[in-house]
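Undergrad: make a model of this:
(2 chains)
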Number of protein chains: 2
Amino acid sequence: MPHATQTPAHQSVAILIIGNEVLSGRTREANAWFAAKTLFNVGCKLSEVAIVPDIQETIIKTLQRLHQQYDAVITSGGIGPTHDDITMQSVANTFDVPLLEHAETIQLMTNFYGEDALTEGRRRMARLPKGAEPIICEQSICPGALIQNVYVFAGVPHIFASQLESVLSHFTTGKSFIRQEIEVYLPESSFAQELSDIQKSNPDIEIGSYPGRCGKQPTGKICLSGIDKERITNVKNQIEHMLKDKENHENQ
Amino acid sequence: MPHATQTPAHQSVAILIIGNEVLSGRTREANAWFAAKTLFNVGCKLSEVAIVPDIQETIIKTLQRLHQQYDAVITSGGIGPTHDDITMQSVANTFDVPLLEHAETIQLMTNFYGEDALTEGRRRMARLPKGAEPIICEQSICPGALIQNVYVFAGVPHIFASQLESVLSHFTTGKSFIRQEIEVYLPESSFAQELSDIQKSNPDIEIGSYPGRCGKQPTGKICLSGIDKERITNVKNQIEHMLKDKENHENQ
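TA: Numbering: from 1, shown residues only, chains lettered A, B, ... in the order given. Take a look at the predicted model:
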């Protein structure tokens, strides 16, 4: 499902993870992490992630907020056949449209499973909000859905990944983000002021500082990201120079 | 810092993860996952997780929403000494109070680092929103903060875990949640209706169904959680019985 060429790619996106299993600590969230890496590489900003339980009212409220606030929303989870799968209904309610059986999907399922095996549970998975396009992927016979700017994906990681892949052109801005890192062996507090000055002079490059430790020795990473490789290298050189000065000073 | 005995434990909590590094896919989120497991074990419901970037306006807006909506909010990240650490200032602005240097923390830092090493960066880490209590833990000389129902923790995982540990009594309801799982070798759609009926008859037990696969073979897990072990076992028996009937039927 390629985006029509005249439609510009989404610049910002939010992810809505739906599932009690994540909030109860049963399952470690993996799809937002996968999408974060994928979107970074195609130059689309992931602006927010929300994780909410399988409660229709909460899903609708959160989706309404995110759908208005960002270029696009990707939801993950809750599109299977069981009672706790309430995402398609919640999305339909969000846009005040009914859920309708998608004839092509029913046909695909009938071919795949045979007519006898088309249980009520499977039919449930063929229902899409009215006006939605199905999102077909290689890993599942049951489609995701695209309605307005909301992409409804499965929670099962290999299906989620395959669905994202199938619409990745919608998020591909043509300006990939690039990241470079610097290893640091000084405490953050010793260079915080100078790093802040470098950030202020170079607002096009996002500079983050992430402390760690190795035994009692402070270590850390300074992370630079942006879209212009040459600019990143330039700012990286400034920071490395500053850190060298600090180290020499510490060793005096 | 034990909760005063008359203060009831928080029943519901939201977690606010602050950090560009998570949204850009550089770092896999770990603290919400750790907290989810810990809170489940002490019987406190994790109701929502939000992950937002290092943008003050976004942090404040999200914090205002969560603070009003849930019993308590835990924030993670952004309390170090560098320019991208803006959480304490954002929390202070949320409650319309100034950031003040915390005298006891300055004293602790002076004893620990020596007076000469009390750089501007370190002093920054001793500033708390006016009226906040410091959250002291074993893993860091720099405190977190508790103001109203908002707990401000570090993003570095071993410090986050230690800070949560030090205030865990605030979240310990006395009714631990319990989880039991059933392995399933049938497609979800074949038992969805019956599982839904069992859920309806047993609203005190939360039943989730999570599909997986083993080669082309459908496998999955049905997960039961609640606070009453005997009730969970009872409902588990009902589900196992239902699944056995289904399997026998499939094999006929």
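Undergrad: who does the nearest residue to residue A:127 once chain neighbours are set aside bridge with?
TA: The shortest distance from residue A:127 to any non-neighbouring residue, by CB to CB, 6 or more residues apart in numbering or on different chains, is to residue A:99 (4.4 Å). Every C-beta, even on glycine, is put in place using the N, C-alpha and C of the backbone. With beta bridges defined as DSSP bridges, residue A:99 has these partners: residue A:129.
Undergrad: please, where are all the helices along the stretch 101-250 of chain A?
TA: A:103-113, A:120-124, A:157-166, A:192-201, A:229-251 (DSSP state H, counting those that start in this stretch).
Undergrad: and the residue nearest to residue A:127, how many neighbours?
TA: Here the number of neighbours of residue A:99 (other CB atoms under 10 Å in any protein chain shown) works out to 16.
Undergrad: could you do residue A:27 as well?
TA: Neighbour tally, residue A:27, other CB under 10 Å: 20.
Undergrad: also the one 10 residues further on?
TA: Other residues lying near residue A:37 total 13 when counted by other CB under 10 Å.
Undergrad: contact partners for it?
TA: When contacts are counted by CB atoms under 8 Å, 6 or more residues apart in numbering or on different chains, residue A:37 touches residue B:25.
Undergrad: just say helix, strand or coil for it.
TA: Judged by DSSP: H, G, I helix; E, B strand; the rest coil, the three-state class of residue A:37 is helix.
Undergrad: which of the helices of the stretch 101-250 of chain A has the lowest mean pLDDT?
TA: Mean pLDDT is lowest for helix A:120-124 among those, at a mean of 87.
Undergrad: what's the pLDDT at the residue nearest to residue A:112 when sequence neighbours are not counted?
TA: The shortest distance from residue A:112 to any non-neighbouring residue, by CB to CB, 6+ apart, is to residue A:141 (5.2 Å). Looking at residue A:141, its pLDDT stands at 88.
Undergrad: residue A:141 and residue A:110 touch, don't they?
TA: No: applying CB atoms under 8 Å as the test, residue A:141 and residue A:110 come out as separate, 10.5 Å apart.
Undergrad: residues shared between the contacts of these two?
TA: Common neighbours of residue A:141 and residue A:110, counting by CB under 8 Å, 6+ apart, are absent.
Undergrad: let's have the helices of the stretch 101-250 of chain A in TSV, adding mean neighbour count.
TA: Shown next, in TSV, are the helices of the stretch 101-250 of chain A (neighbours: other CB atoms under 10 Å in any protein chain shown):
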stretch	mean neighbour count
helix A:103-113	14
helix A:120-124	19
helix A:157-166	20
helix A:192-201	17
helix A:229-251	14
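Undergrad: among those helices, which is nearest residue B:30?
TA: helix A:157-166 (17.5 Å; CB to CB).
Undergrad: which strands and helices sit next to that closest one?
TA: helix A:31-41, strand A:133-137, strand A:140-147, strand A:150-153 (3 or more CB pairs under 8 Å, 6 or more residues apart in numbering or on different chains; DSSP states H and E).
Undergrad: of these, which stretch is the most buried?
TA: With neighbours taken as mean count of other CB atoms under 10 Å in any protein chain shown, these reach their highest mean count in strand A:150-153, at a mean of 26.
Undergrad: parallel or antiparallel, list what pairs with it.
TA: Going by DSSP bridges, the partners of strand A:150-153 are strand A:72-76 (parallel), strand A:140-147 (antiparallel).
Undergrad: I would like the residues contacting it, please.
TA: Under CB under 8 Å, 6+ apart, the answer for strand A:150-153 is A:31, A:63, A:67, A:72-76, A:79, A:87-88, A:91, A:94, A:132, A:135, A:144-146, A:159-160, A:163-164, A:167, A:170.
Undergrad: can you show me the CA trace of that strand as PDB?
TA: Extracted in PDB, the C-alpha atoms of strand A:150-153 (Å, rounded to 0.1, in the frame of the first residue of the first chain):
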ATOM      1  CA  VAL A 150      -4.500   6.300  12.700                       C
ATOM      2  CA  TYR A 151      -2.700   3.000  11.800                       C
ATOM      3  CA  VAL A 152      -4.000   0.000  13.700                       C
ATOM      4  CA  PHE A 153      -1.400  -2.800  14.100                       C
END
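Undergrad: could you export the helices and strands packed on helix A:157-166 to TSV, including columns for distance to residue B:236?
TA: Listed next are those as TSV, based on distance: least, CB to CB, whole Å:
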stretch	distance to residue B:236
helix A:31-41	28
strand A:133-137	34
strand A:140-147	28
strand A:150-153	30
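Undergrad: surely residue A:204 is in contact with residue A:228?
TA: Yes: between residue A:204 and residue A:228 there is a contact under CB under 8 Å: 7.0 Å.
Undergrad: these two - which one has more neighbours?
TA: With neighbours defined as other CB under 10 Å, residue A:204 and residue A:228 compare such that residue A:228 has more, 13 against 10.
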